[in-house]
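>>> here's my sequence, what's the structure:
(one chain, ligands or ions: 3)
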Amino acid sequence: MNIDILLGLQWGDEGKGKIVDALTPEYDIIARFQGGPNAGHTIEFNKTKHVLHLIPSGIFHEGKINIIGNGVVLDPVVFRREVESLGIDIGTVRGRLLISLKAHLILPTHKFLDAAHENALGDFKIGSTLRGIGPAYTDKAARSGIRVGDLLKKNFRELYNEHVTEHLRALKGYGRSYDLVGLENEWFEAAEFLKGFKTVNADYYIDRSLREGRCVLAEGAQGTMLDIDFGTYPFVTSSNTVAAGACTGLGIAPSRTGEVFGIFKAYCTRVGSGPFPTELNDENGQLMRDRGNEYGSTTGRPRRCGWLDLPALRYAIMINGVTRLFMMKADVLSGFSEIEVCTSYTVNGEEVTELPFCLAGIEKLNYHTMAGWSCDITGCKNWDELPEALRHYIEFIEKETGVPVTIVSVGPDRSATVYR
Ligand code: GDP
Ligand code: IMO
Ligand code: MG
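Ligands and ions are numbered 1, 2, ... in the order given. I've put the predicted structure just below:
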């Protein structure tokens, strides 16, 4: 068996949680491969809404295994809160969840460092979620991180103290000092809670599972335009959000990857700072925000909105080797009399269809205008029920990208999904 990968093609919040949950019945194992509590993956079913940050989006399904992979940075406090708010008996969650021994831990001081670093950036803030992601990955790359497996060591407290002393020294450099006592107590209690879960060599576990014929879906966080290498650097997150990140974040060989499902919204959104070529600072952008309820699942911040950006989408498809596209939030565009799609940019007076190194150098965006549709599509169950104008819009995207759109999402609920 090969492992399928599902990931975001834009700036995150494409609807990954909803679709992973909807596809879980087809898989045995769902494995998160990167990111941490900066993610907010929303799942809706039976009139209830859940937002997951660390736990893979297959957790609500009986008989499925969910894995937090080595590529994830895990905050025990967020983890505990999340497990306790799932509405599932903790014993059942323990039976459905495995945690990689190699996943790195977010310490309380990582969050302080995140805030201090953002603050020092003045007018050029990244717009971080301030969950300690950047500093935790920095420690990982600097070979000074602490991993889940270290929690089991007798001298863990010593190890922890060494790291925190270093962090506090760095924070002094930012002119800040912190009282950690209360936070540390909470963190250590949460770390004990975490130790009650099964920790494994997830790489071996996944390898064995694939050889035994079990189906695995890798779940990405964030999106391609937030990737540390391929996103709009430096306004990105600190991990590889692309398909290659599934290999390093779970320990799977590239030769064992199967389908790559690329998720995109029918328009674009971005939360936080950084370039966003098709951003609309007008009533259309506000309409998308209102109709799409475009407010961050993790921080509640309003998301910036704009038309679909095909050069960026094609780039993401190329980097990830996307085999199927899933279009999300098509219902949000209902009611726009015309839909615009950016097909190319003008850079140095020339029309280009590739993403330039510096997006700030884009002089003009070239749009293709298409007819909109006005009817409510949230009840549509199959392709033929979708309005003709929406089908034309999707077919146009397929023609421009060369990849089929096989799922069209028409509402936040698990059931509001059109399979093609
Ligand atoms: P993720 O981070 O990629 O999992 O996406 P988020 O959960 O952060 O953001 C997606 C938001 O859109 C959530 O509030 C979802 O409930 C919602 N959503 C997902 N699919 C659809 C859809 O097709 N239509 C509408 N209206 N909302 C959707
Ligand atoms: P999901 O998985 C949208 C953005 C932040 C900020 C930048 C860096 O829900 O799609 P970080 O906290 O990682 O240092 O922030 O990345 N960001 C996200 N935007 N969805 C996410 O995750 C995000 N995770 C981080 O807003 O601009
Ligand atoms: Mg999200």
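
>>> could you report the neighbour count for residue 179?
Close neighbours of residue 179, defined as other C-beta atoms under 10 Å, add up to 7. Yep, even glycine has a C-beta here, placed from its N, CA and C like the rest.

>>> within range of ligand 1, give me the residues from the stretch 151-300 of the chain.
Contact residues (C-beta under 6 Å from any ligand atom) of the stretch 151-300 of the chain with ligand 1: 292, 293, 297.

>>> quick check: PyMOL command selecting the buried ones in those residues.
Selecting the buried subset of those in PyMOL, with 16 or more other C-beta atoms under 10 Å as the burial test, is done by:
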select buried, resi 292+297
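
>>> how about the residues of the stretch 151-300 of the chain next to ligand 1 in TSV, adding secondary structure and distance to ligand 3?
Shown next, in TSV, are those (DSSP: H, G, I helix; E, B strand; the rest coil; distance: C-beta to the ion, whole Å):
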residue	secondary structure	distance to ligand 3
292	coil	13
293	coil	12
297	coil	4
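
>>> just the residues of the stretch 151-300 of the chain next to ligand 1 now: which is nearest residue 190?
residue 297 (21.4 Å; C-beta to C-beta).

>>> settle this for me: the closest one is touching residue 37, isn't it.
No - using C-beta atoms under 8 Å, residue 297 makes no contact with residue 37, being 11.3 Å away.

>>> quick one: the helices in this protein, in order.
Secondary structure of the chain (DSSP state H): helices located at 16-23, 76-84, 90-96, 108-120, 133-141, 156-173, 181-194, 202-211, 243-250, 283-291, 310-320, 388-401.

>>> so which residues of the stretch 301-420 of the chain form strands?
Applying DSSP state E, counting those that start in this stretch to the stretch 301-420 of the chain gives strands spanning 304-306, 308-309, 324-328, 338-347, 350-352, 362-371, 405-409, 417-419.

>>> between those, which gets nearest to residue 218?
Closest among those, using C-beta to C-beta: strand 324-328, at 14.5 Å.

>>> what pairs with that closest one, parallel or antiparallel?
Looking at strand 324-328 with DSSP bridges, its partner strands are strand 257-265 (parallel), strand 405-409 (parallel).

>>> quick one: is that strand near ligand 1?
Yes - interface with ligand 1: strand 324-328 contributes residue 328 (C-beta under 6 Å from any ligand atom).

>>> which residues does that strand contact?
9, 14-15, 18-19, 259-266, 317, 394, 397-398, 401, 403-409 (C-beta atoms under 8 Å, 6 or more residues apart in numbering).

>>> show me which of these are buried.
9, 14-15, 18-19, 259-266, 317, 394, 397, 401, 403, 405-409.

>>> about what we covered before: distance to residue 271 added to the helices of the chain, as TSV?
Below are those laid out as TSV (distance: least, C-beta to C-beta, whole Å):
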stretch	distance to residue 271
helix 16-23	14
helix 76-84	18
helix 90-96	29
helix 108-120	14
helix 133-141	14
helix 156-173	26
helix 181-194	26
helix 202-211	29
helix 243-250	20
helix 283-291	11
helix 310-320	16
helix 388-401	23
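
>>> could the strands paired with strand 324-328 go into JSON lines alongside distance to residue 147?
As requested, the strands paired with strand 324-328 are arranged in JSON lines below (distance: least, C-beta to C-beta, whole Å):
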{"stretch": "strand 257-265", "distance to residue 147": "25"}
{"stretch": "strand 405-409", "distance to residue 147": "36"}
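
>>> which one of the ones you listed lies closest to ligand 2?
strand 257-265 (9.5 Å; C-beta to the nearest ligand atom).

>>> just the CA trace of the closest one, in PDB.
C-alpha atoms of strand 257-265 as PDB (Å, rounded to 0.1, in the frame of the first residue of the first chain):
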ATOM      1  CA  THR A 257       3.400   8.100  -1.600                       C
ATOM      2  CA  GLY A 258       0.200   7.500  -3.500                       C
ATOM      3  CA  GLU A 259      -2.400  10.200  -4.300                       C
ATOM      4  CA  VAL A 260      -1.800  13.800  -3.400                       C
ATOM      5  CA  PHE A 261      -5.100  15.500  -2.600                       C
ATOM      6  CA  GLY A 262      -4.800  19.300  -2.900                       C
ATOM      7  CA  ILE A 263      -7.400  21.400  -1.200                       C
ATOM      8  CA  PHE A 264      -8.200  24.900  -2.200                       C
ATOM      9  CA  LYS A 265     -11.000  27.400  -1.500                       C
END
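
>>> cool, thanks, signing off.
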